[in-house]
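Student: I need the structure of the sequence given here:
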Amino acid sequence: MAWLVLWDIDHTLIDTRGVGRELSASAFERATGQPMREQAKIDGITEPVIFRETAKLHGLVTARPDFERFAEALADEHVKRAEDLRARGRALPGAEAALDALEAAGVQQTVVSGNIRPAAEIKLGVFGLSRHIHWDLGAYGEDDDTRAELVRLSLQRARATAADSVLIGDTPADVEGAHANGVRVIAVASGRSAEAALRDAGAEAVLPDLRDTELLVKLVRGDDRRTA
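Tutor: Numbering: from 1, shown residues only. Sure thing, here's the model as predicted:
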């Protein structure tokens, strides 16, 4: 059986340690002409929704062309500040080993993320986490507002079934988006969501981090269905 893993990025594989918010603020000002005084909730939310809701906090009503300007500026900011991201951010414990272990096990890996694709590629690339990712099989913030639709699009692009796929993420929104498509979830409590919240959301397995690569591979394959 050919397994497919759909990876979330932020707080699952990496932590930008505040750089991501700075890049968003710069892109927001470039797109709207206003400084970003505050930002809408971001955990588990896609980039178009974050932009739209952040704009509302500043008294702005936006449309798709506004988001596209923001997305273009955000991609440019990631390119310009890639070295800053590398210096201040980090790959989360076990992330590189987890990607390598799944590759060695014959598991196909892609990304389902609220990030726009150019930002996703840079975020993983600067930390050396992109070499096993099949980017064209993934789905990204510019593709749709909802995580459920992003999961569906990725399954379609990969020509994969839900039964052969597993999403690995760190928020209840990741769980909900996967389950809306019948996809199992391995949740990682490496972000702001506690293990209890991820279990309550219905994740089939919950891990504290990605360090136990042997267990992770077993869970992806369905060899060990217990809740970790």
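Student: okay, now the unreliable bits of this protein?
Tutor: Residue ranges of the chain with pLDDT under 70: 1-2, 224-228.
Student: okay, Arg64 and Val217: tell me how far apart.
Tutor: Counting by CB to CB, to the nearest Å, the gap between Arg64 and Val217 amounts to 41 Å. No exception for glycine: its C-beta is placed from N, CA and C like everyone else's.
Student: could you find the closest non-adjacent residue to His78?
Tutor: The spatial neighbour of His78 that comes closest, neighbours along the chain excluded (CB to CB, 6 or more residues apart in numbering), is Ile122 at 4.4 Å.
Student: the one you found touches Val79, doesn't it?
Tutor: Yes. With contact defined as CB atoms under 8 Å, Ile122 reaches Val79; the gap is 6.7 Å.
Student: those two - which one has more neighbours?
Tutor: Ile122 (21 against 11; other CB atoms under 10 Å).
Student: please, which helix or strand holds that one?
Tutor: When elements are assigned from DSSP states H and E, Ile122 belongs to helix 117-126.
Student: please state the offset of that helix from the chain centre?
Tutor: 11 Å (CA atoms, centre = their mean, to the nearest Å).
Student: give me the contact list for it.
Tutor: 9-10, 13-14, 16, 20, 23, 47, 74-75, 78-79, 82-83, 85-86, 89, 111, 113, 115, 130, 133, 135, 138, 140-142 (CB atoms under 8 Å, 6 or more residues apart in numbering).
Student: try 6 Å this time
Tutor: Identification of contacts with helix 117-126 by CB atoms under 6 Å, 6 or more residues apart in numbering yields 9, 14, 74-75, 78, 82, 85-86, 111, 113, 130, 140.
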